[in-house]
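**Q** give me coordinates for this.
(one chain, ligands or ions: 1)
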Amino acid sequence: MSSLRALCVIFILCCSVMRTVTSHEFYDLKPVKLGCEVRGIDIGHPVPMRVIEQIKQDVTEHRILIFKDQHEISPKRHVRISRWFGDLESSFFTQHPKSPLRDIYRASNDKSEGIRPVGNEEFHTDCLYLPKVCSHGIYQMVNGSKEAESAFVPLSEIVEGLTKEQRNRWERLWMVVQQTTRVVHPLIYSHPGSNEKVFFLPTDYTVAFEWDRGNSKTRRLTEPEETSQIRNEIHDVFTEHLKDLQYIHKWEVGDFIISDNQAVAHCASPSSQKPRTEVGLRVLHRVTVAGKEAPEKKYISPSLERKTEL
Ligand SMILES: [Fe+2]
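**A** Numbers count the residues shown, from 1 in each chain. As a prediction, the model looks like this:
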């Protein structure tokens with residue numbers, strides 16, 4: 001009898017240990033096309049440190065967490081949640097007069113309410129022109145218009161889907177970004193959290209590419225024509241994968257999204273910019289978290305085996 005009781009105690013202890021390491025103990029995760037919806041937790045109020053650690057882990061694993069029904073997240077709380085992930089980076093955006101706090105970027109389809117138009121030109125990674133690219137974008141839909149949508153595309157799947165030749169070429173490329181500073185990033189690099197291979201989409205601020213940075217014999221900058229050819233090549237590959245990979249989020253009031261800025265490219269849909277008179281008022285708050293390290297390749301590049309150019 002006593003040994004049976006001992007077995008029961010061991011069983012209960014095991015269950016208890018298992019609960020503390022199960023990612024679904026603190027909230028429900030429902031996978032969507034990219035990332036997960038999160039229910040059963042109110043992050044508008046303080047949560048224990050172990051829950052915060054679980055959320056950070058889940059963001060790295062799933063890349064986007066969409067917290068539903070979060071109606072009590074004040075601007076101050078939004079900023080506090082963002083600080084779970086590190087220091088904030090607010091130096092690169094203009095503040096709207098109605099922005100409640102310096103660290104909150106306020107976007108809207110009505111310029112008297114927030115900055116417009118914003119984020120809908122093309123898919124991108126935020127603050128690409130900083131030496132340490134922002135690690136997370138954290139969004140709250142304060143007022144949802146009828147057609148407010150954001151699209152997200154996972155980047156590591158695209159790297160994995162490259163042909164051997166494309167991969168060899170892309171591994172040799174660095175991207176020169178000119179905005180406030182001239183920053184050079186490897187086109188393909190190791191994600192700082194997951195170590196997955198990810199890449200940057202060139203933007204209007206990509207002024208050139210550099211072949212074979214670090215190899216004094218073959219290193220060279222591209223001229224404008226070649227820059228534009230490479231830019232188009234990268235965008236063509238991205239577009240090829242877009243339909244299969246993109247997740248389009250239809251915003252609802254109470255949605256609070258934590259997105260891994262280096263794991264996914266994002267873009268606001270054109271419909272989100274429609275005028276207030278047509279679709280109602282849209283107000284989105286965003287906080288960005290500063291990157292902790294400059295992007296780098298933490299692996300031996302396969303392109304070292306063979307070199308090909310355009
Ligand atoms: Fe953005």
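**Q** can I see the domain layout of this structure?
**A** 27-121+135-153+246-289, 156-242 (automatic domain parsing).
**Q** leaving out chain neighbours, which residue sits closest to residue 298?
**A** residue 190 (4.0 Å; Cβ to Cβ, 6 or more residues apart in numbering). Using the backbone N, CA and C atoms, a C-beta is placed for each residue, glycine as well.
**Q** poorly predicted segments of the stretch 201-310 of the chain, please.
**A** For the stretch 201-310 of the chain, the stretches flagged by pLDDT under 70 are 302-310.
**Q** measure the residue of it found nearest the ion to residue 35 for me?
**A** As assessed by Cβ to the ion, the ion sits closest to residue 266 within the stretch 201-310 of the chain, at 5.6 Å. To residue 35, residue 266 is 11 Å away according to Cβ to Cβ, to the nearest Å.
**Q** shared neighbours, those two?
**A** Jointly contacting residue 266 and residue 35 under the rule Cβ atoms under 8 Å, 6 or more residues apart in numbering are 152, 259.
**Q** those two: which has the busier surroundings?
**A** Neighbour comparison, residue 266 and residue 35: the larger count goes to residue 35, with 26 against 22 (by other Cβ atoms under 10 Å).
**Q** for the more buried one, which residues are in contact?
**A** Residue 35 neighbours (Cβ under 8 Å, 6+ apart): 62, 63, 64, 65, 66, 152, 247, 259.
**Q** switch to 6 Å and redo it
**A** Contact analysis of residue 35 by Cβ atoms under 6 Å, 6 or more residues apart in numbering lists 62, 63, 64.
**Q** surely residue 193 meets residue 61?
**A** No - the criterion here is Cβ atoms under 6 Å, and residue 193 misses it with residue 61 at 9.1 Å.
**Q** neighbour count for these two, which is higher?
**A** The neighbour comparison of residue 193 against residue 61 (other Cβ under 10 Å) goes to residue 193, with 19 against 16.
**Q** read off the pLDDT value for the more buried one.
**A** We have a pLDDT of 96 for residue 193.
**Q** do the same with residue 17
**A** At residue 17, pLDDT is 37.
**Q** got the contact list for the residue minimising distance to the centre of the chain?
**A** Residue closest to the average C-alpha location in the chain (Cα atoms, centre = their mean): residue 261, at 2.2 Å. The contact partners of residue 261, by Cβ under 6 Å, 6+ apart, come to 125, 126, 134, 135, 136, 137.
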